[in-house]
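Colleague: fold the stuff below for me.
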Amino acid sequence: MLNLRQLEILRAVVQFRTTVGAAERLGMSQPSISNTIRHTETVLGFALFERVNNRLTPTEEAMILLEQAEPLFLLRDAVNQRATDLQKGQIGRVRVAATAEISESVLPGVIADYARKYPRVQVSLETRPLDSVLQIVENGVADVGFIMAAYERQALQYQLIRPLRLVCLCAQDDPMAQMDVILPRDLVRRPLVGPQVANRIGLVMAESFRANGLDYRPNIETRFMNAAARIVREGWGVALVDELTAYDALRPGLVIRPYGPDLTFDLSAALLKSKDPSRQTQRFIADFGRRVSQRLAEMAGQAAASDSAP
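Modeller: Residues are numbered from 1 along each chain as shown. The predicted model follows:
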């Protein structure tokens, strides 16, 4: 019988006691306010105001209607506020998936900073193997996946963050620490920790060895490169890992050396082709990219300082 606009006009007239005041408040003409009130009274079959000396005094029936309508106004205001918050990017959610190397090195800092800047945005993180990360992005379970060495999937597109070099992580007193570049032949018969050939990064490493007539046979195989770096940190062997993982694992007593075959792995954000990422997701990806660049620059400086230390 009554719509929200009619109730809003009724409330404004009750508040200002004149149709002129209500019209100014609502940005309407005075005749439109008067016509709406008369039409509403006709529909309802009873008066909403008593008209005395150009002042409108609400009837008891009008006050009862407004009392019942107040929750509607509160709900409308809440919806409008939520729409404003969404427009400004102050609320929402970002569902992130990543492989273990990325979840452990860069993402914790990105998520912490994001939560401080946007405390009303919900962020979730799933840490999974590469294939599983791509699968849940494809299924819409995650909004974005951060991965290295992605491969083509029909439903996905990749936004390049930056290429990451393959490097060698070893102890400072290891003979390889004195070399400018580590070649595959330098790693033969060395205690090597590296990715399994079953995963894409391990396969690329194996191909670089085969190109030099050598077999890639790490003494210790790991699914994730951060695990390989941790084993070296515990004092065993040398590891072939991406530079981000190596810099994250770098501690006094460890050094990083370039790997001779110039191998890089693209660090990318995986997104659905069929759906535009939300502004929250776009902003998170941008923050992630800045954090990666900042982290690599900082760690490269620390590595250089470590190498030059007596």
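
Colleague: just to be sure, residue 266 is in a strand?
Modeller: Yes - when DSSP: H, G, I helix; E, B strand; the rest coil is applied, residue 266 is found to be in a strand.

Colleague: my read: it touches residue 148, true?
Modeller: Yes - taking CB atoms under 8 Å as the definition, residue 266 is a contact partner of residue 148 at 6.9 Å. C-beta: built from backbone N, CA, C; applies to glycine.

Colleague: all strands for the stretch 51-200 of the chain, in order.
Modeller: In the stretch 51-200 of the chain, strands defined by DSSP state E, counting those that start in this stretch lie at 55-58, 92-98, 121-127, 144-148, 156-171, 192-195, listed in chain order.

Colleague: and the longest helix for this protein?
Modeller: Longest helix in the chain, counting residues (DSSP state H): helix 279-308.

Colleague: does anything pack onto that one? Which helices or strands?
Modeller: With contacts taken as 3 or more CB pairs under 8 Å, 6 or more residues apart in numbering; DSSP states H and E, helix 279-308 sits against strand 92-98, helix 107-117, strand 144-148, strand 156-171, helix 243-249, strand 254-258, strand 264-272.

Colleague: nearest to residue 136, out of those?
Modeller: strand 92-98 (5.4 Å; CB to CB).

Colleague: buried residues, the closest one. List them.
Modeller: 92, 94-98 (16 or more other CB atoms under 10 Å).

Colleague: how about the one helix or strand in the chain whose mean pLDDT sits lowest: buried residues?
Modeller: Within the chain, no helix or strand scores below helix 60-87, which has a mean of 79 by mean pLDDT, DSSP states H and E. By 16+ other CB under 10 Å, the buried positions in helix 60-87 come out as 62, 65-66, 69.

Colleague: rewinding a little: more neighbours: which of residue 266 and residue 148?
Modeller: Neighbour comparison, residue 266 and residue 148: the larger count goes to residue 148, with 23 against 14 (by other CB atoms under 10 Å).

Colleague: was I right about that one contacting residue 269?
Modeller: No - using CB under 8 Å, residue 148 is not in contact with residue 269; the gap is 11.4 Å.

Colleague: residue 214 should be in a helix, yeah?
Modeller: No - read with three-state DSSP, residue 214 is coil and lies in no helix.

Colleague: any idea how far residue 169 is from residue 278?
Modeller: 37 Å (CB to CB, to the nearest Å).

Colleague: again, but for residue 95
Modeller: 32 Å.

Colleague: go on, residue 77?
Modeller: Counting by CB to CB - residue 77 and residue 169 are separated by 57 Å.

Colleague: check residue 69 too.
Modeller: From residue 69 to residue 169 the distance is 68 Å (CB to CB).

Colleague: which residues sit against the particular helix or strand that has residue 38 in it?
Modeller: Under the criterion DSSP states H and E, the helix or strand holding residue 38 is helix 30-44. Contacting residues not belonging to helix 30-44 are listed as 1-2, 5-6, 9-10, 12-13, 19-20, 22-23, 26, 47-49, 61 [CB atoms under 8 Å, 6 or more residues apart in numbering].
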